[in-house]
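# what's the 3D shape of this:
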Amino acid sequence: MCSNAAKWSGLVLAVIAFAGFSMAMAQRAATDIVRERQQEMKMMAAAAKNIDAMFKGASPYDAKAFKAAAETVRTYSGERLARLFAGTVAAEGSKASVNIEAERPAFDKLAAELGAYAAALSIAADRNPDVLAPGMRMPGGDAKMGGPLAKRKTAAPDPMSMPAEHAFHTMLQVCTSCHAKFRVKD
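As a prediction, the model looks like this:
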């Protein structure tokens, strides 16, 4: 009898240890995904700052650097961004809102739009290898989008049909809209 009780208690301890190990691994995976999200967001923010500096004249226009920055945003947006926020979104250290889970199609749409605007910027760099050409700039009067929290048209404008500067500002607007809707406020 003692032998049976010892076997059962050993089995129970093994199950408890496995459950604890599984929970620890799940917590570690959640922490790793939060770090990956944060790192990729920082890379996109740095890329956007580089493009912004070129548009503002704070940095000289460099088509290769402009394209690299646009490609950074393109790479880390779209499906990749959506996958990073798949499953359980809320985790320790994350500022992601559970609204992402509840409003998945809206989040995925913003992630895709971010990638589309970044792709348009990348193509603009290819088309303008030497200078930030006037055709890349927004003509006066184009900046009437209503701000980051304004109601958006049902259909997003075609990023390829607008000047690069307009695509850039619209890309930033997508970031702001996404953070306003899907980021926990401090």
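# pretty sure Glu40 sits in a strand.
No: Glu40 sits outside any strand when classified using DSSP: H, G, I helix; E, B strand; the rest coil, being helix.
# how close does it get to Ala63?
For Glu40, the distance to Ala63 (CB to CB, to the nearest Å) stands at 24 Å. Every residue, glycine included, has its C-beta placed from N, CA and C.
# now swap in Ala124 and tell me
In this view, Ala124 and Ala63 are 9 Å apart by CB to CB.
# which one's more surrounded, the two?
Neighbours per residue, other CB atoms under 10 Å: of Ala124 and Ala63, the larger number sits with Ala124, 25 against 17.
# which residue packs closest to that one, ignoring adjacent ones?
Distances taken as CB to CB, 6 or more residues apart in numbering place Ala164 nearest to Ala124, at 3.6 Å, with adjacent residues excluded.
# do Ile123 as well
The nearest residue in space to Ile123 (CB to CB, 6+ apart) is Met160, at 7.1 Å.
# I figured that neighbour hits Ser122, correct?
No: the criterion here is CB atoms under 8 Å, and Met160 misses it with Ser122 at 11.0 Å.
# identify the residues contacting Met41.
Contact analysis of Met41 by CB atoms under 8 Å, 6 or more residues apart in numbering lists Tyr76.
# state the pLDDT value of it.
What the model reports for Met41 is a pLDDT of 95.
# swap in Leu121?
If you check Leu121, the pLDDT there is 98.
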